[in-house]
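In: whatever this is, show me its structure:
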Amino acid sequence: MTTQTPRLGAPDPERKTSPVAWETDEDTETLRESVPDEAVCYFNDAAYRHGTVVESGSVRLRCDHGLWLPAGPTEESEP
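Out: Numbers count the residues shown, from 1 in each chain. The predicted structure follows:
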């Protein structure tokens with residue numbers, strides 16, 4: 001049985017969304033220290049457990065203790 005990756009669309013700035021630590025972000029460690037070590041990440045007010053992978057636009061994001069980390073492109077964006 002295949003599990004469908006949730007497609008969440010774009011983050012709404014008016015709703016609670018955990019920060020994304022992009023690979024090019026030099027302040028990833030600072031960002032990680034500023035976020036409480038939570039068991040969930042938020043995306044538009046919805047909570048997702050540690051390890052959950054979601055799609056936002058053309059990227060996949062993985063929840064890592066309260067911080068979203070890039071997890072590669074979505075299947076639709078791959079050639």
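
In: against Thr3, how distant is the most centrally placed residue in the chain?
Out: By C-alpha atoms, centre = their mean, the chain has its centre lying nearest to Trp68, at 3.3 Å. Here Trp68 is placed at a distance of 19 Å from Thr3 (C-beta to C-beta, to the nearest Å). No exception for glycine: its C-beta is placed from N, CA and C like everyone else's.

In: OK, contacts around Pro70?
Out: Pro70 makes contact with Val20, Ala21, Trp22, Glu23, Val59, Arg60, Leu61, Arg62 under the criterion C-beta atoms under 8 Å, 6 or more residues apart in numbering.

In: try it again with 7 Å
Out: Taking C-beta atoms under 7 Å, 6 or more residues apart in numbering, we find Pro70 in contact with Trp22, Glu23, Val59, Leu61.

In: give me the buried subset of the residues you listed.
Out: By neighbour count, with 16 or more other C-beta atoms under 10 Å, the contacts of Pro70 hold Val59, Leu61 as buried.

In: just the ones of the contacts of Pro70 in strands?
Out: Using DSSP state E, Val59, Leu61 are the members of the contacts of Pro70 that sit in strands.
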